[in-house]
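Colleague: Okay, sequence plus prediction incoming.
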Amino acid sequence: MSAVWRLVDARATEDIARRNPSADAMLEVRSYLEEPLIPRTADPLSWWESKPSVYPRLVKVMARQLCIVATSVPSERIFSKTGQIITERRNRINPSKLRHLVFLRANLP
C-alpha cells in the first residue's frame, strides 16, 4: 500500500475516533423527529424502553421527563399542611424549622 493511502486511512480513522458530541446529539434528535408518530393507544414509556440503542441520549432525557407527576395534588397537599403549621399564633417560626416540620408532616403517616 502506498504512503498516500496509509495517510488517508489514518486520517479517516482519526475522524471517526474524534466525534463531536454536539453533532451526535443533533443527529440523534433529527433522527427522532423523522420517526413516525406512535398511536395514541401505545404506551410511550414502553416505546422509549425499546429505543436505548437507537437514541441513547434522548432515552436518558425522557426517563427524567416521563416520571414527572401529571397532577398538582401532592404540592397542593404540602401547601395545605404548611398552612396548618403557620397560624396566627405561630407566625414567627424560623424558616429552617418550618421546612423540617413540613417535611415531617408530608412524610409521616
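Modeller: Arrived safely.

Colleague: helices and strands around the helix or strand hosting Ser22, which ones?
Modeller: Secondary structure assignment for Ser22, by DSSP states H and E: helix 21-33. For helix 21-33, the packing partners by 3 or more CB pairs under 8 Å, 6 or more residues apart in numbering; DSSP states H and E come out as helix 56-65. All C-beta atoms are positioned from the backbone trio N, CA, C, and that covers glycine.

Colleague: who are the neighbours in contact with Tyr55?
Modeller: Contact analysis of Tyr55 by CB atoms under 8 Å, 6 or more residues apart in numbering lists Glu28, Ser31, Tyr32.

Colleague: Confidence-wise, which helix or strand of the chain is lowest on average?
Modeller: Lowest on mean pLDDT, DSSP states H and E among the helices and strands of the chain sits helix 3-17, with a mean of 71.

Colleague: quick one on the thing from earlier: give me the angle between the helix holding Ser22 and helix 56-65.
Modeller: Counting by axes from the mean of the first three to the mean of the last three CA atoms, to 10 degrees, helix 21-33 lies at 70 degrees to helix 56-65.

Colleague: and the helix or strand just after helix 21-33, what other elements does it pack with?
Modeller: Once the chain leaves helix 21-33, the next helix or strand it forms, by DSSP H and E, is helix 44-49. Here helix 44-49 touches helix 56-65, going by 3+ CB pairs under 8 Å, 6+ apart.

Colleague: Work out the gap between the next helix or strand after the helix it packs on and the centre of the chain.
Modeller: With elements assigned by DSSP H and E, the helix or strand that comes after helix 56-65 is helix 73-85. Here the centre of mass of C-alpha atoms in helix 73-85, compared against the chain's by CA atoms, centre = their mean, to the nearest Å, lies 26 Å away.
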